[in-house]
Each structure stands twice: as C-alpha cells, then as structure tokens.
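> need coordinates for the following:
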Amino acid sequence: FNDTATTEIYTLSLHDALPIYEDISKPENRLNLAIFHLQIDPEFHNWFCSKLGISMNSIIYPKQNQNGFRPDYFIKCDNNNIGIVEVELGNENLEQLKNYREIFLEQGLKVFSISGSSKHNSALSLEEIKAFLINRLRNIQNEQLIVSTEYLISLIDANQNSTSSSKRTSVSEEMLEKPI
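Predicted coordinates for the structure are as follows:
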C-alpha cells in the first residue's frame, strides 16, 4: 500500500494483532484470547478501559511473540503505544512485572497487571472481570456474545477451582520458531 494510514491499519490488524500462534494448551493463553475476543463488546471494552484508567478509544491487542518475551497485551490510543497489560492466573508474577517496568516504563508506557484475585493488588482481577460478565449476561441479546461471555466466565471458574499450579511454563520451542 502507498497510503500510510492504510498501511498502519494493515500492520496492526494482520501483523501485530492476530494471535495466530498462541499456545492454547496453556490455560493462561486461552484466557487471554477470550479477554481479547470480548474487547469487541463495547460495554466490556469500556468497562475494561475504565478499570485501567485509560481512554475508551484505546485498542488492546496481543502482539507478536519475540523470543518468548512479550506482555499479554499492548495498548494503543490515538496511534500511540501507551501501555502493556500482563495477565496472571494467580498471584502477580512480581519478577516479570519488575522486568516489564524496567523495559516499558523507560519507553513511556504504563504497565498494568491483571491477577486472579482482587487481594493481589493488581490493576484488575479475574474475580472483578467475572462479576462484571455475570451481571452483563442479563442484558446481552446477541447469541455469539452470550456464548463468548459464558466461555470467558467458564475459563475464570476453571482457573479459580483449579488445584494445578499456576506456575508459568516456558514457551515451547515450536512456538519460538513461529514468526507470529
């Protein structure tokens, strides 16, 4: 494309934003994709943005994995990167957040975390997301949105009821070899 605006949209939608190679065998990645998917619902998106204290015009999207190192989402507003979001199933991964803060705060980006419980003192919790979604279900008319909302609630429930460890696992070699 010769039009820079068109190229920017093309780049964001096809290169940065499509999580084609997410390793969905990991519960956290399934949850991240479901949260990303629900950003299409204006009420969820606006609520999510308000909880983070960012503009409702923000675009929240996953980005290409670079050597196993990337936050779960980037936040763009008015064509500028303004922040990142890291999602943890349980407690905040304090070491990882420290590393992200060192890297991204230097670039002028805000660093947000979402953890399993509101007691973890993160910007937002999965408990809060679930409570909002349960309340939201009463007013949804669109069947696809109902299914997508129920799916995210079930993923949060599965995580909250899980007896398995929420310890992060390394990115598989197969995933590292893929460009996106």
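> does residue 23 count as helix, strand or coil?
coil (DSSP: H, G, I helix; E, B strand; the rest coil).
> quick one: it and residue 94, what's the gap?
Distance of residue 23 to residue 94, computed by Cβ to Cβ, to the nearest Å: 23 Å. C-betas here are computed from N, CA, C, even on glycine.
> ok, those two, which is more surrounded?
More neighbours surround residue 23 than the other of residue 23 and residue 94, with 15 against 10 (other Cβ atoms under 10 Å).
> just checking, the more buried one touches residue 29?
Yes - here residue 23 reaches residue 29: they are 5.6 Å apart, a contact under Cβ atoms under 8 Å.
> what about residue 79, neighbour count?
Neighbourhood size, residue 79 [other Cβ under 10 Å]: 10.
> phi, psi of it?
Taking degrees, to the nearest 10, you get phi 70, psi 20 for the backbone angles of residue 79.
> quick one: pLDDT of it?
At residue 79, the predicted lDDT confidence score is 89.
> any weak-confidence spans in the protein?
For the chain, applying pLDDT under 70 flags the ranges 1-22, 65-69, 162-180.
> other residues contacting the helix or strand where residue 29 lies?
If you go by DSSP states H and E, residue 29 is part of helix 27-38. Residues from elsewhere that reach helix 27-38 (Cβ atoms under 8 Å, 6 or more residues apart in numbering): 19, 22-24, 44-45, 48, 60-62, 72-73, 87-89, 126, 129, 133, 148-149, 151-152, 155-156, 158-159, 162, 166, 168.
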